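Chemist: After the sequence you'll find the predicted model.
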Amino acid sequence: MLPPFPPPRALPDMVGLRRAGLSLRAAGDGDLPFLVALYASTRADERLMVDWPDDAWARFVDTQFAAQHRDFTTRYAADFLVIQDRGRPIGRLYLDRSGPVWRIVDIALLPEGQRKGRGTAVIRWVQRAARRANADTVELHVLHANPGAARLYARLGFVDAFTTAPTHRRMTWPVS
């Protein structure tokens with residue numbers, strides 16, 4: 001049994017997102033099949049490297065998603081949001097805005113939703129909202145194995161910050 005999503009909180013104005021045809025809404029239990037499929041899409045490169053039957057891969061993805069979901073819902077006071085394009089789910093944004101350092105816990109888009117400016121629109125929305133809320137910094141971690149995402153964040157003003165994590169780069173965006 002997966003832990004429930006926390007109750008939704010009011011979100012900052014989404015004007016910039018709406019111009020891009022995007023919206024955000026709180027994730028709920030009914031979104032779990034979509035979120036598992038989205039998670040599986042983020043592991044697609046790994047799928048190509050293992051010679052497992054489809055049912056074994058599906059069990060692996062379910063187990064890994066459940067572990068990540070448990071970790072995220074217990075460790076972070078985050079908003080668990082579904083990114084929608086004209087009402088259709090295309091991704092997720094898990095955003096912890098509980099303190100002066102806002103943390104993008106996770107952002108992921110379906111492959112068909114990538115490279116179309118949607119991720120940029122969501123990150124810019126986070127940046128504008130953080131500025132309006134007088135947050136100090138927006139922080140995220142990106143896999144070393146995902147240089148494309150790191151380049152996107154750098155284009156949006158994120159800089160490398162000190163980290164000892166062997167698998168991820170910590171990047172920050174100072175709000176001021």
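Modeler: Yes, it's here. The structure displayed is predicted, hence computed values, not measured ones.
Chemist: mind checking which helix or strand of this protein has the lowest mean pLDDT?
Modeler: Least confident helix or strand of the chain, by mean pLDDT, DSSP states H and E, is helix 44-47 with a mean of 84.
Chemist: got a list of contacts for it?
Modeler: Contacts with helix 44-47, where a contact means Cβ atoms under 8 Å, 6 or more residues apart in numbering, come from 40, 57, 111. Where you see a C-beta, it was placed from the backbone N, CA and C, and this is true even at glycine.
Chemist: for stretch 26-40, same thing?
Modeler: By Cβ under 8 Å, 6+ apart, the residues outside stretch 26-40 that reach it are 2, 4-5, 8, 47, 61-62, 64-65, 68-69, 79-82, 89, 91-92, 108, 110.
Chemist: mind listing what's buried in it?
Modeler: Across stretch 26-40, burial judged by 16 or more other Cβ atoms under 10 Å covers 27, 31, 34-36, 38-40.
Chemist: how long is that stretch end to end?
Modeler: In stretch 26-40, first residue to last residue: 20 Å (Cα to Cα, to the nearest Å).
Chemist: go on, stretch 6-19?
Modeler: With Cα to Cα, one end of stretch 6-19 sits 28 Å from the other.
Chemist: Tyr94 and Ala77 touch, don't they?
Modeler: No - using Cβ atoms under 8 Å, Tyr94 is not in contact with Ala77, being 11.0 Å away.
Chemist: Among the buried residues of stretch 26-40, which one lies nearest to Ser98?
Modeler: Nearest to Ser98 out of the buried residues of stretch 26-40 is Ala27 (Cβ to Cβ; 17.0 Å).
Chemist: Okay, and the beta partners of the closest residue to that closest one other than its chain neighbours?
Modeler: What sits nearest to Ala27 in space, not counting adjacent residues and going by Cβ to Cβ, 6 or more residues apart in numbering, is Phe80, at 4.3 Å. Under DSSP bridges, the beta-bridge partners of Phe80 are Tyr94.
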